[in-house]
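J.: Starting from these lines, generate the structure:
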Amino acid sequence: MVRLLSPFVRAVTYTRWLHLFIAVVWPAMWMFVEEAWWIWLAAAVTLAPAGLVPAMRTVEGLQARLLLTGHRHNSQTMDIVVTPSASWSDRGRLVVWLETRLLLGNVTAMLSMQLLISTVDLVMSAFGRAVDEGVLILLDGHQWWHILLAPLTLAALAVTVVVSGRIVTALALRLLGPSPAERLAAMEERTEQLLERTRIARELHDSIGHALTVAVVQAGAARAAGDPAFTDRALDAIEETGRAALEDLERVLGVLRESERPVSSRPTLTDADRLLESARASGAKVDADFTGPVDTVPGPVSREGYRILQESLTNVLRHAGAVPVRVSIEVAGESLALEVRNPLTADIPGPGRGSGLRGIRERAALLGGHAHTGPDRGDWQVHVQLPLR
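T.: Take a look at the predicted model:
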């Protein structure tokens, strides 16, 4: 019973009813000047060219969002679009919407008014008062039991309000909803947003994770060494790594604050010396070999390559500590090969564990390349192959 009555206590039920009445206000006002059937035909003919105006879809969409769905004008929902018509298909659907809304509004308004008048006439007839002619229910004289029919007409009025509102809402979702092209564009935009969030998460993980790993390793080494000179060098390394991490954090936050900001300011493989020096300052013996024109590597590949190298060195410091590390970066032909090797230790991060290794593989796959991480001939190896085109 509660579920049956729930539509009658929702505000949107009555705003939908109001939406239908708005559609027939101006023809109804015209009827006060001259009562003629052709007025409704003239109204229908007038709406056809109005529906061809692109901005008309914005007006109808905003009105439908507010009154039919209860959404605000700035809502991100795509159920009903508020952008101007972009194609003749959109204009055609809008014309059909305007004509259908006029017809349904006219029927709903007339039926609602007649049911309301019939309810009043039934009550008046039960008390012996004269009633108007032309009501939906033909009354025979003045009978007390006429008042028993009043709840029936009120129920019919309530059903008319609910049913007509649901019909016009369904039509709006069909005729004012997004076209296939708009749905595809919205899906692509949503995909881009998800990819951007994933990229930002990787940026934070790689940059901040690297800085914290270096700081922890340096602090532990300085405490174990007990040498003031070594402690000073460790503090300098921690400070430098912290500054670099703050710069990276600022870049990532800049992307969040300003979505149109270019990514060209992000570090590339030409800045790899900073990573190597940071790892050396943490005690690792890094031997680097750069082959080919690294500075000619395309921006997206170079930036992702930098992050892959950063995460690889972070994993070395985190799991193996101050061990010899061999870094090889080779640019040849149409591909970039990046390899980081270090001796295996007891703490081996298996190939399927850790968000860092997963991030390396995801970065490589995103650029059309591939990555291999795992034991290889007594070493732990990260080998990445990225296409340059």
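J.: pLDDT weak spots in the stretch 1-150 of the chain?
T.: The stretch 1-150 of the chain contains residues with pLDDT under 70 at 1-2, 29-38, 71-78, 128-142.
J.: switch to 90 and redo it
T.: In the predicted model of the stretch 1-150 of the chain, residues 1-14, 17-52, 54, 59, 61-90, 102-103, 105-107, 109-150 satisfy pLDDT under 90.
J.: Which residue ranges of it form helices?
T.: 2-5, 11-23, 25-33, 38-50, 55-64, 88-126, 150-175 (DSSP state H, counting those that start in this stretch).
J.: Skipping its backbone neighbours, what lies nearest Thr100 in space?
T.: What sits nearest to Thr100 in space, not counting adjacent residues and going by Cβ to Cβ, 6 or more residues apart in numbering, is Leu171, at 5.8 Å. For every residue, glycine as well, the C-beta is placed using N, CA and C.
J.: domains in the protein, as residue ranges please.
T.: Here the domain parsing of the chain from automatic domain parsing is 2-178, 184-387.
J.: In JSON lines, list those along with mean neighbour count.
T.: Below are the domains of the chain laid out as JSON lines (neighbours: other Cβ atoms under 10 Å):
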{"stretch": "domain 2-178", "mean neighbour count": "15"}
{"stretch": "domain 184-387", "mean neighbour count": "17"}
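J.: Correct me if wrong: Val161 contacts His19.
T.: No. Contact criterion Cβ atoms under 8 Å: Val161 and His19 do not qualify, at 11.5 Å.
J.: Would you mind stating the distance between Thr47 and Gln143?
T.: Wrong residue type there; residue 47 is Leu, not Thr. Computed as Cβ to Cβ, to the nearest Å, the Leu47 to Gln143 distance reads 45 Å.
J.: same thing with Thr119?
T.: To Gln143, Thr119 is 16 Å away according to Cβ to Cβ.
J.: hmm, back to that, in contact with the residue nearest to Thr100, which residues?
T.: 97, 100-101, 104 (Cβ atoms under 8 Å, 6 or more residues apart in numbering).
J.: Looking at those, which one is closest to Pro298?
T.: Nearest to Pro298, judged by Cβ to Cβ, of these is Trp97 at 48.1 Å.
J.: And for the closest one, nearest residue in space, chain neighbours not counted?
T.: Nearest one to Trp97, counting by Cβ to Cβ, 6+ apart, is Leu175 at 3.9 Å.
J.: Point me to the helix or strand that includes Glu277.
T.: helix 272-281 (DSSP states H and E).
J.: repeat for Gln385
T.: Short version, using DSSP H and E: Gln385 is in strand 379-387.
J.: who's in contact with that strand?
T.: With Cβ under 8 Å, 6+ apart as the test, strand 379-387 has contacts from 301, 304-305, 308, 312, 315-316, 319-320, 334-345, 348, 360, 364, 367-376.
J.: Let me know the average pLDDT across that strand.
T.: For strand 379-387, mean pLDDT is 91.
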